[in-house]
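Peer 1: below are the sequence and a predicted model for it; my questions follow.
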Amino acid sequence: MRIIVCIKQVPDTTEVRIDPRTGTLIRTGVPSIINPEDRHALEAALTIKDQCGAEVIALSMGPPQAEDALLEALAMGVDRAILLTDRAFAGADTAATSYTLAQAIKQLGPYDLVLTGRQAIDGDTAQVGPQLAELLDIPQVTYVQKIELLSDGTCRLQRALERGYEIVETRLPALFTVIKELNTPRYPSIRGIMRALRQGVTVWTANDVPVDPNLIGLKGSPTQVQRTFVPEHKRNCVMLKGSLDEVTTALVEELKERRLLKALAT
Amino acid sequence: MDLNLTKSQRMIRQMVREFAEKEVAPGASERDSTGEFPWEIVKKMARYNMLGIPFPEEYGGAGADTLSYIITVEELARVCAATAVIVSAHTSLCAHPIYQFGTEEQKQRFLVPLAQGNRLGAFALTEPNAGTDAASIRTTATRQGDSYILNGNKIFITNGGVADIYIVLAKTDPSKGARGITAFIVEKGTPGFSFGKKEDKLGIRASSTTELIFQNCRIPVENRLGEEGEGFKIAMQTLDGGRIGIAAQAVGIAQACLDACLRYAKEREQFGKPIGSFQAIQWMLADMATQVEAARLLTYRAAWLKDNKQPFSKEAAMAKLYASEVAMQQAIKAVQIHGGYGYMKDYPVERFFRDAKITEIYEGTSEVQRMVIASHLLR
Ligand SMILES: Cc1cc2nc3c(=O)[nH]c(=O)nc-3n(C[C@H](O)[C@H](O)[C@H](O)COP(=O)(O)OP(=O)(O)OC[C@H]3O[C@@H](n4cnc5c(N)ncnc54)[C@H](O)[C@@H]3O)c2cc1C
Ligand SMILES: Cc1cc2nc3c(=O)[nH]c(=O)nc-3n(C[C@H](O)[C@H](O)[C@H](O)COP(=O)(O)OP(=O)(O)OC[C@H]3O[C@@H](n4cnc5c(N)ncnc54)[C@H](O)[C@@H]3O)c2cc1C
């Protein structure tokens, strides 16, 4: 069994701050992490590895610093880590990203499973997983919260819906995009960290992957970002003061006044 | 001079910090009140190689260095000083002397399971009448054919009762004083070895501290660590290393105090503004931050010397002395900055205050550290 996990390095912040002047992400001083859902994808792959043996490969496209995310994946226990980094890859939108990742995956040879997170906390499009499956021409299951490998080589999955879930079965190879309900990711181990640094990350440039130069990087990106901006928040926060009773009464009055609460029987 | 941590040290700090915050911090206050030993956490630490950090992989360790281990103890102490000392006593005082002084066979039998975290370790020197004056211990080990027969009591033993493997210091030749002391590796369950009173303590309450009782306890010769008469030297060298661990524990507690105060100084308002806007509070915070940094640097340097195979006994004593006194002072200031709330169990500084004190006592009191430092100076 061979599992490829796509991981993205993202800035560690739930409230990404954007420079209102340039419209770009403020990255200085923000530590980088593995996209949270991608950690769940790694855990899913490593759980399968623990249970029935598998080769797990972590793959990331990004700037040279994205090596840190891959080192962490190695320290968690993946067998190999590959970083796609090249000036030619820079500026990629989701289409160019998916294409580049797909070409790299094809280059790796046969595989059984490709796992991605549902969406990245910075780009937030949730497009890369599905696009990648299309480019690889394999079945895809999104929002996966449970994975069960069946003895006949197929796979049974729970797919989260707004209310409840769907049970889906698929043959392999397939691609799943996973959500945090799937599992609890392990930490990197200390021995794992030492081994990861000894082993290192394999770096692939545009020369190492069979890519059409017109389909990668900025050139290969149909998305044109016109403007990014922070929506203005017009919220007035009122702090209620006093004893619990006073505060509660004031809150109820306020809610009634704004017709957010029906008048209570007194 | 390079004061940057290596990549592995940075990755280990990040990993341990996350582990400490997610796995250790949540129950710390609860365990402090119940005194319950954190078995679940110990199991998890074993899984992530946190119980064998500075030992080679071939002996079940993580293959990292002393400084990585020290950073780990510091990060654990930042959320729970009791968990930190469980790791420190296990690693520095039990696994390390076996690594340093043990035969290959002893390493395979004892170090491997200790470093893997399948077994927990402890170190037993102190007796009711022999604390600072460790050479005056009365526990005896009498040779009988291929065995030694141990008789005597040890008190205040960290990981007592919960540990599986104990380094025990005993007199093989009571006429020779310190030179008559020998070290032994004693396994829990050996007939004649039992546990006495479990102490009810001021702080580090989730760590186990017990009495050990040896009544005609037969230990095979293969379990003697080093030669007869080398025990005191082994114990002192072991404590040299252990002190860096306690210094790290103290740095962690001091940092926790500072963190709590910085949060509180911004949050708490009096006279219509945050108390952090008062200069009296600012000066305390500035001193605290400076001292914790100085304590950390002394501690890291002692670890660095050890990693670089240079003498570190004096530096370890300095680090332990300074860091423990800083931890205690920070804890006093932390309670002060929190005012009445700091005196209550609702805020963690109350626990830090009680936890800090032990760092000035065990593995040599502050007075002993000053004696060690002075003896190096006047050599
Ligand atoms: C408006 C906009 C502006 C952007 N600006 C920038 C920018 O300035 N700088 C920049 O670096 N990126 C930028 N990106 C994102 C960049 O194009 C992404 O790498 C790529 O498009 C992924 O899109 P996403 O972040 O929405 O990922 P999603 O589609 O939400 O990610 C889903 C999953 O796909 C996988 N995945 C995604 N990206 C990668 C990757 N690179 N390597 C491996 N696996 C991956 C992960 O498993 C992830 O969980 C921008 C995206 C958008 C939409
Ligand atoms: C929670 C806890 C855990 C412990 N864990 C362990 C353990 O795992 N293994 C172990 O072997 N021991 C352990 N100890 C014992 C600890 O190391 C001793 O308590 C410590 O060394 C002091 O010994 P004592 O308590 O007998 O004090 P004493 O030696 O009686 O000292 C009393 C006071 O006199 C001072 N003093 C003594 N001699 C001198 C001198 N010559 N000059 C100046 N001042 C002096 C001391 O500094 C101290 O202030 C632990 C103790 C505690 C409280």
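Peer 2: Now that the structure is in, tell me what you want to look at. Ligands and ions are numbered 1, 2, ... in the order given.
Peer 1: does A:Asp68 count as helix, strand or coil?
Peer 2: Of the three states, A:Asp68 takes helix under DSSP: H, G, I helix; E, B strand; the rest coil.
Peer 1: which non-adjacent residue is nearest it?
Peer 2: In space, and not counting its chain neighbours, A:Asp68 is closest to A:Ser32: 6.5 Å by Cβ to Cβ, 6 or more residues apart in numbering or on different chains. Yep, even glycine has a C-beta here, placed from its N, CA and C like the rest.
Peer 1: for chain A, which residue gets nearest to ligand 1?
Peer 2: A:Gly123 (2.0 Å; Cβ to the nearest ligand atom).
Peer 1: hmm, that residue is touching A:Thr94, no?
Peer 2: Yes. Counting by Cβ atoms under 8 Å, A:Thr94 is a contact partner of A:Gly123 at 7.2 Å.
Peer 1: which of those two has more neighbours?
Peer 2: Using other Cβ atoms under 10 Å in any protein chain shown, the more surrounded residue of A:Gly123 and A:Thr94 is A:Thr94, with 20 against 17.
Peer 1: burial count for residue 81?
Peer 2: In the absence of a named chain, chain A is used. A:Ala81: 26 neighbours (other Cβ under 10 Å).
Peer 1: hmm, I had chain B in mind actually
Peer 2: 32.
Peer 1: low-confidence ranges in the stretch 1-150 of chain A?
Peer 2: Applying pLDDT under 70 to the stretch 1-150 of chain A picks out residues A:14-16, A:22-23.
Peer 1: and it, which of its residues are near chain B?
Peer 2: Residues of the stretch 1-150 of chain A lying close to chain B (Cβ under 8 Å from any Cβ of the partner chain) are A:Leu71, A:Glu72, A:Ala75.
Peer 1: near ligand 1 too, which of those?
Peer 2: Contacts with ligand 1 within those, as defined by Cβ under 6 Å from any ligand atom: none are present.
Peer 1: and these, which of them are in helices?
Peer 2: Of the residues of the stretch 1-150 of chain A next to chain B, the ones assigned to helices by DSSP state H are A:Leu71, A:Glu72, A:Ala75.
Peer 1: which parts of whichever strand or helix holds B:Ile253 are buried?
Peer 2: Following DSSP states H and E, one finds B:Ile253 within helix B:231-267. Within helix B:231-267, the residues that count as buried by 16 or more other Cβ atoms under 10 Å in any protein chain shown are B:231-258, B:260-261, B:264-265.
Peer 1: repeat that for stretch A:170-189.
Peer 2: In stretch A:170-189, counting by 16+ other Cβ under 10 Å, buried: A:170, A:172-179, A:182-183, A:185-189.
Peer 1: count the residues that sit near the residue of the stretch 151-266 of chain A found nearest ligand 2.
Peer 2: Ligand 2 sits closest to A:Ile190 of the stretch 151-266 of chain A, with a gap of 23.8 Å, by Cβ to the nearest ligand atom. By other Cβ under 10 Å, the residues close to A:Ile190 number 28.
Peer 1: isn't it up against B:Met15?
Peer 2: Yes. The pair A:Ile190 / B:Met15 is scored as a contact, 7.2 Å apart, by Cβ under 8 Å.
Peer 1: who touches both of those two?
Peer 2: B:Tyr48 (Cβ atoms under 8 Å, 6 or more residues apart in numbering or on different chains).
Peer 1: residues from the stretch 51-200 of chain B in reach of ligand 2?
Peer 2: So far as Cβ under 6 Å from any ligand atom goes, the stretch 51-200 of chain B lies against ligand 2 at B:Ala89, B:Phe123, B:Ala124, B:Leu125, B:Thr126, B:Gly131, B:Thr132, B:Phe156, B:Ile157, B:Thr158.
Peer 1: give me the phi and psi angles of B:Ser207.
Peer 2: Here the main-chain torsion angles of B:Ser207 (degrees, to the nearest 10) amount to phi -90, psi 150.
Peer 1: give the helix, strand or coil label for the spatially closest residue to it that is not a sequence neighbour.
Peer 2: Spatially, and ignoring its direct neighbours in sequence, B:Ser207 is nearest to B:Ala82 (4.3 Å; Cβ to Cβ, 6+ apart). Following three-state DSSP, B:Ala82 is assigned to helix.
Peer 1: so who does B:Ala82 touch?
Peer 2: Counting by Cβ under 8 Å, 6+ apart, B:Ala82 makes contact with B:Ala28, B:Arg31, B:Asp32, B:Pro38, B:Gly203, B:Ile204, B:Arg205, B:Ala206, B:Ser207, B:Asp355.
Peer 1: want to throw those into JSON lines with distance to B:Lys309?
Peer 2: As requested, these are exported to JSON lines (distance: Cβ to Cβ, whole Å):
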{"residue": "B:Ala28", "distance to B:Lys309": "36"}
{"residue": "B:Arg31", "distance to B:Lys309": "38"}
{"residue": "B:Asp32", "distance to B:Lys309": "39"}
{"residue": "B:Pro38", "distance to B:Lys309": "34"}
{"residue": "B:Gly203", "distance to B:Lys309": "35"}
{"residue": "B:Ile204", "distance to B:Lys309": "32"}
{"residue": "B:Arg205", "distance to B:Lys309": "37"}
{"residue": "B:Ala206", "distance to B:Lys309": "35"}
{"residue": "B:Ser207", "distance to B:Lys309": "31"}
{"residue": "B:Asp355", "distance to B:Lys309": "33"}
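Peer 1: nearest to ligand 1 among those residues?
Peer 2: B:Ala28 (33.3 Å).
Peer 1: sorry, back to before: which pair in the buried residues of stretch A:170-189 spans the largest distance?
Peer 2: Distance extremes for the buried residues of stretch A:170-189: the farthest pair is A:Thr170 and A:Ser189 at 32.0 Å, using Cβ to Cβ.
Peer 1: about what we covered before: which of the contacts of B:Ala82 are close to ligand 2?
Peer 2: Okay, of these, nothing touches ligand 2 (Cβ under 6 Å from any ligand atom).
Peer 1: most neighbours among the residues you listed, which one is it?
Peer 2: Most crowded among the contacts of B:Ala82, counting by other Cβ under 10 Å, is B:Asp355 at 32 neighbours.
Peer 1: how near is that one to B:Leu5?
Peer 2: Separation of B:Asp355 from B:Leu5 (Cβ to Cβ, to the nearest Å) stands at 26 Å.
Peer 1: related to what we said a few turns ago, the buried residues of stretch A:170-189 in strands, which ones?
Peer 2: Taking DSSP state E, the ones among those that sit in strands are A:Thr170, A:Ala174, A:Leu175, A:Phe176, A:Thr177, A:Val178.
Peer 1: what number of residues lie near the residue of the stretch 101-250 of chain B found nearest ligand 1?
Peer 2: Using Cβ to the nearest ligand atom, the single residue of the stretch 101-250 of chain B nearest to ligand 1 is B:Gly117, 32.5 Å away. Counted with other Cβ under 10 Å, residues neighbouring B:Gly117 total 23.
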